[in-house]
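# my questions are about this predicted structure, shown below with the sequence.
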Amino acid sequence: MEGSSEVLLDAKAQVTNQLLDFQWKLGMAVSSDSCRSLKYPYVAVMLKVGDCSGQVTSKSFEMTIPQFQNFYRQFKEIAAVIETV
């Protein structure tokens, strides 16, 4: 156990940013300046990230549904790896 806790401490020492908040919402684009009828769903993502100095930065972006599904799968894979550390 002692060896595994040392690895955990080393992994934590490498962290430079921390995800503080993750919000998402599903939207529907219905029109734009160049197109009268879009009707495509999208996911708007809002993140708050803190750095090692304590400064918080907000980031936002939009993804298509397939992009969001891939993003979600990758987060699940990351979570599974983190649980093994």
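That came through fine. Since the model is a prediction, treat every value here as computed from it, not as a measurement.

# C-alpha only now, for contacts and for neighbours.
OK.

# wait, what's in contact with P66?
Shown in contact with P66 (CA atoms under 8 Å, 6 or more residues apart in numbering): no residues.

# and it, that's in a strand?
No: secondary structure of P66 (DSSP: H, G, I helix; E, B strand; the rest coil): helix, not part of a strand.

# ok, now how distant is it from R73?
Computed as CA to CA, to the nearest Å, the P66 to R73 distance reads 11 Å.

# secondary structure element holding the closest residue to Q23 other than its chain neighbours?
Using CA to CA, 6 or more residues apart in numbering and skipping residues adjacent in sequence, the residue nearest Q23 is M46, 5.1 Å away. Assessed by DSSP states H and E, M46 sits inside strand 40-51.

# buried ones in that strand?
For strand 40-51, burial by neighbour count (16 or more other CA atoms under 10 Å) applies to Y42, V43, A44, V45, V49, G50.

# and the third one, bridged to which residues?
Here A44 shows beta-bridge partners K25, E62, assigned using DSSP bridges.

# can you pull the contacts of the residue nearest to Q23?
Counting by CA under 8 Å, 6+ apart, M46 has contacts D21, F22, Q23, W24, S58, K59, S60, F61.
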